[in-house]
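S.K.: Got a sequence here, can you model it:
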Amino acid sequence: MTGKSGIDLEAEYNNRARVPDHQAVMLRWRAAAEAARAAHPPQEIAYGSGERQIMDLFEAAPGAPVAVFLHGGYWQALDRSWFSGLAPALLAHGVSLAIPSYDLAPAVRLGHILRQVRAATDAVRVRTGARPVVFGHSAGGHMAACMLSEARASAAVSISGVFDLAPLIPTSLNVALRLDEAEAAALSPIHWPVPDGSTPGGTILDCVVGADESPEFLRQSRMMADLWAARGVETRYEALPGLNHFTVLDPLFDKDSALVGRIVGLAHGR
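M.R.: Have a look, this model is predicted:
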């Protein structure tokens, strides 16, 4: 599964294989999620008719700004219940958190998933009267950038995002996604309109990645930040030392972390 450049794309993009202890990290996510739901039960909000078209809303206070978190799993795994543990850090700063689930591949194609994420993001905007900050991890990082491109977000923070889908085509990850070259190009935000102020949405994109992630993930985030910056977007690239594709979420559980502070500041318009 080597790409045209001679890179072993399977090794670069198959993060579960790359990080042997990923299950232990995910168990920490699950434990934190259960504790957060017990301490602050979320409100379930349907944003569509499907059984997975539901988001959890952890409300800090009436009228508080809302951030939307889009989960990862390569568009084919996980749901909102895994990530409730992100809520306490944001609630501590007066920011509400919405976490939508969405349908997964191979039951639906990636374009269908994007339509659901649009509906979820728009539902938050209708509820609050303002475009939310959207942040996401891995597949969610891809979709956060898409929401910013489409003027649905006030700002986006993409954590370990994949912005060019073409390298996924020859990997085992594509068994469920079924991407071909045309679809991969059409759904890659590197080819989408840049949010340069010509549309009503925000113009800020942070591309954050773990410094211990694969060279391809580092390249994707750097490439996206550089590409959009050259076209008028306020971008920021940061590789967080000592963190891999799973532990890169660790700062989001710490209310005093710089990453939480950044999201809070964007949510409050600072």
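S.K.: List the neighbours of stretch 51-59 that are in contact with it.
M.R.: 36, 40, 42-47, 66, 79-81, 84, 87, 90-91, 96-104, 116, 119-120, 123-124 (CB atoms under 8 Å, 6 or more residues apart in numbering). Yep, even glycine has a C-beta here, placed from its N, CA and C like the rest.
S.K.: Narrow the residues you listed to those in helices?
M.R.: 36, 87, 90-91, 116, 119-120, 123-124 (DSSP state H).
S.K.: Out of those residues, which end up buried?
M.R.: Among these, those classed as buried by 16 or more other CB atoms under 10 Å are 36, 87, 90-91, 116, 120, 123-124.
S.K.: And the worst-scoring helix or strand of the chain on mean pLDDT, what's buried?
M.R.: Taking mean pLDDT, DSSP states H and E as the measure, the chain has helix 15-18 as its least confident helix or strand, at a mean of 95. Residues of helix 15-18 classed as buried under the neighbour-count rule (16+ other CB under 10 Å) are 15, 18.
S.K.: all helices of the stretch 101-250 of the chain, in order?
M.R.: 110-128, 139-149, 174-177, 181-186, 215-229 (DSSP state H, counting those that start in this stretch).
S.K.: Looking at the ones you listed, which is nearest to Ile263?
M.R.: Closest of the helices of the stretch 101-250 of the chain to Ile263 is helix 139-149, at 11.2 Å (criterion: CB to CB).
S.K.: Quick one: distance of the closest one to the chain centre.
M.R.: In terms of CA atoms, centre = their mean, to the nearest Å, the centre of helix 139-149 is found 6 Å from the chain centre.
S.K.: same for it, what does it pack against?
M.R.: Packing contacts for helix 139-149, counted by 3 or more CB pairs under 8 Å, 6 or more residues apart in numbering; DSSP states H and E, involve strand 66-70, helix 110-128, strand 133-137, strand 155-159, strand 204-210.
S.K.: will you turn the ones you listed into JSON lines that also has mean pLDDT?
M.R.: Formatted as JSON lines, the helices and strands packed on helix 139-149 follow (pLDDT from 0 to 100):
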{"stretch": "strand 66-70", "mean pLDDT": "98"}
{"stretch": "helix 110-128", "mean pLDDT": "98"}
{"stretch": "strand 133-137", "mean pLDDT": "98"}
{"stretch": "strand 155-159", "mean pLDDT": "98"}
{"stretch": "strand 204-210", "mean pLDDT": "98"}
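S.K.: do you know which of those lies nearest His268?
M.R.: His268 sits nearest to strand 133-137 of all the helices and strands packed on helix 139-149, at 9.3 Å, using CB to CB.
S.K.: Just give the strands next to that closest one in its sheet, each with its orientation.
M.R.: Using DSSP bridges, strand 133-137 pairs in its sheet with strand 66-70 (parallel), strand 155-159 (parallel).
S.K.: next one: the last one to chain centre, how far?
M.R.: Taking CA atoms, centre = their mean, one finds strand 155-159 lying 7 Å from the centre of the chain it belongs to.
S.K.: for the first one, same thing?
M.R.: A distance of 9 Å separates the centroid of the chain from that of strand 66-70, by CA atoms, centre = their mean.
S.K.: Give me the buried positions along that strand.
M.R.: Buried residues in strand 66-70, counted by 16+ other CB under 10 Å: 66-70.
S.K.: Report the inter-axis angle for it versus helix 139-149.
M.R.: Interaxial angle, strand 66-70 versus helix 139-149 (axes from the mean of the first three to the mean of the last three CA atoms, to 10 degrees): 130 degrees.
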